[in-house]
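> Got a predicted model here, sequence first, then my questions.
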Amino acid sequence: MSGSNVWSRTREKMRLFPELFAQCANEAAVYGKCVAATTTGTQELRKDLCAKEFEALKICFTNAAKKRAR
Amino acid sequence: MSGRLCRRLLRLGCPASSAGSWSRLSGAGLNGTGRPGAGRSGLSGGGRMNVFSREMKQRQKDWAAQLQDSQQYDYLREEVGRQVADRVYDIARTFPLALDIGGGRSHIAEHLSKEVVERFCLTDVSQQSLRRRRPSEIPTHCVLADEEFLPFKENTFDLVVSSLALHWINDLPGALRQIHQVLKPDGVFIGAMVGGETLYELRCSLQLAETEREGGFSPHISPYTAVTDLGNLLGQAGFNMLTVDIDDIQVHYPGIMEVMTDLQGMGESNCAWNRKSLLHRDTILAAAAIYKEMYGSEDGSIPATFEILYMIGWKPHESQAKPAKRGSATVSFGDLSKISRPSSTDQP
């Protein structure tokens, strides 16, 4: 396949991932700590245990992507 | 073509069948994650394991070989190739004919000289890798062959080397037996394979991220042989005078995407039958955060561990030292305390 198609566009978007992720270091650290706490503590990791922190991370990430796209 | 390339970036898992845990493999060979529903059946010499899709691995290796910048992904193979060549040099012999299994772009032969190995034979499943092999001063034949079905006669080679290829073989005991067969008596097999705790950071990050985001998880890292099983495997294949040692290589990356991109560029993408063809973007984001938080270092980089197992095994021959017969001892351990220390007056 040559030219611009959904696969090449997706790949281009994925290439921006590290840059965008770097802008959300704080939210990422908070989310990471929430999940890492389950590995040491008594609480078992379940689905959406850290949903709030992940929402904050995702909002930060999408905002960074929107700013970049502008 | 680029469609499949894009998919490959995300193809790192298996269908999330259940939230059951995926335990580390134990016992001889690779048992465990076979086809879904096969369960964890123990393996003891019988039945062929079919964990990896060899055809997929060939396509991945072909794709990685014809990348424009494939050289930048070679660092791991170069390092391991150099170590294997070191071990070949340690053996004070000249080998008339040597075989490199799964050699790819030939990272071992470029460090060897004509005095050590006179003729070299390089095999790989991927034709593109063989075409782009590195130059070496030893005359080399290239053979397109699968590591599990070596097309050579018995007692052909004096030396068989293998660097970072054995961890994609389905039937490892069988492959080792074939290597044993093609070796001449008093021939040596020097291998390096990825094993044990390799990429445990990536594995744990993806596992935790998938559990938290999706409710279950699937294997994304292929199963590895533990170092304790390697001795059994080599012994069962008929090698003796075994030497196994481990080398931990830690590579630091900026982030999880770079880890996965580099693995893909090395041709080491997942090719297990039960891999998941999709990694959700939420999961990638969550795994990046977890990886950085749990394993990140102070300067912001994240480590990825590669545990390389080096093994040396010899094909039996009468000239090799055997254990002494029972009852042939001439001194007793009890006499150890009676050994007097030699006087050192005449030493400088």
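Arrived safely, thanks for sending. Residues are numbered from 1 along each chain as shown, chains lettered A, B, ... in the order given.
> Where does chain A get nearest to chain B, residue-wise?
Proximity to chain B, evaluated over chain A using CB to the nearest CB, is greatest for residue A:32 at 2.4 Å. C-beta: built from backbone N, CA, C; applies to glycine.
> Could you check which helix or strand contains that residue?
helix A:25-40 (DSSP states H and E).
> how about the lengthiest helix in chain A, does it reach chain B?
Identified as the longest helix of chain A according to DSSP state H is helix A:51-69. Yes. Under the criterion of CB under 8 Å from any CB of the partner chain, chain B is reached by helix A:51-69 at A:54, A:57, A:58, A:61.
> Next, count neighbours for the closest residue in space to the second one that isn't next to it in sequence.
Computed as CB to CB, 6 or more residues apart in numbering or on different chains, the closest residue to residue A:57 that is not its neighbour in sequence is residue A:27, at 4.2 Å. Close neighbours of residue A:27, defined as other CB atoms under 10 Å in any protein chain shown, add up to 19.
> what's the answer for residue B:331, then?
8.
> Over to the one 4 residues further on?
Neighbour count of residue B:335, defined by other CB under 10 Å: 8.
> Ok, residue B:334 next?
Residue B:334, neighbours per other CB under 10 Å, totals 7.
> Relative to residue A:33, how far out is the residue nearest to residue A:57?
11 Å (CB to CB, to the nearest Å).
> Can you tell me which residue of the stretch 201-348 of chain B sits closest to chain A?
For the stretch 201-348 of chain B, CB to the nearest CB, closest residue to chain A: residue B:293, 2.4 Å.
> wouldn't that residue be in contact with residue A:39 here?
No. Using CB atoms under 8 Å as the test, residue B:293 is too far from residue A:39 to be in contact (10.9 Å).
> the more surrounded of these two?
residue B:293 (19 against 12).
> who are the neighbours in contact with residue A:37?
residue A:43 (CB atoms under 8 Å, 6 or more residues apart in numbering or on different chains).
> ok, 10 Å please
A:43, A:45, A:49, A:50 (CB atoms under 10 Å, 6 or more residues apart in numbering or on different chains).
> And the residue nearest to the spatial centre of chain B, its phi and psi?
In chain B, the residue lying closest to the centroid (CA atoms, centre = their mean) is residue B:193, at 1.9 Å. Per-residue torsions, residue B:193: phi -140, psi 160 (degrees, to the nearest 10).
> and the gap between the residue lying closest to it once chain neighbours are set aside and residue B:308?
Closest residue in space to residue B:193, ignoring its immediate chain neighbours: residue B:166 at 4.0 Å, by CB to CB, 6+ apart. Residue B:166 sits 11 Å away from residue B:308, going by CB to CB.
> okay, and the common contacts of these two?
In contact with both residue B:166 and residue B:308: B:192, B:193, B:194, B:195, using CB under 10 Å, 6+ apart.
> Just to be sure, residue B:93 is in a strand?
No. Under DSSP: H, G, I helix; E, B strand; the rest coil, residue B:93 sits outside any strand and is assigned coil.
> residues touching the nearest residue to residue B:221 once chain neighbours are set aside, list them.
Of all residues not flanking residue B:221 in the chain, residue B:203 sits nearest, at 4.4 Å (CB to CB, 6+ apart). Residues near residue B:203 by CB under 10 Å, 6+ apart: B:22, B:197, B:217, B:219, B:220, B:221, B:222.
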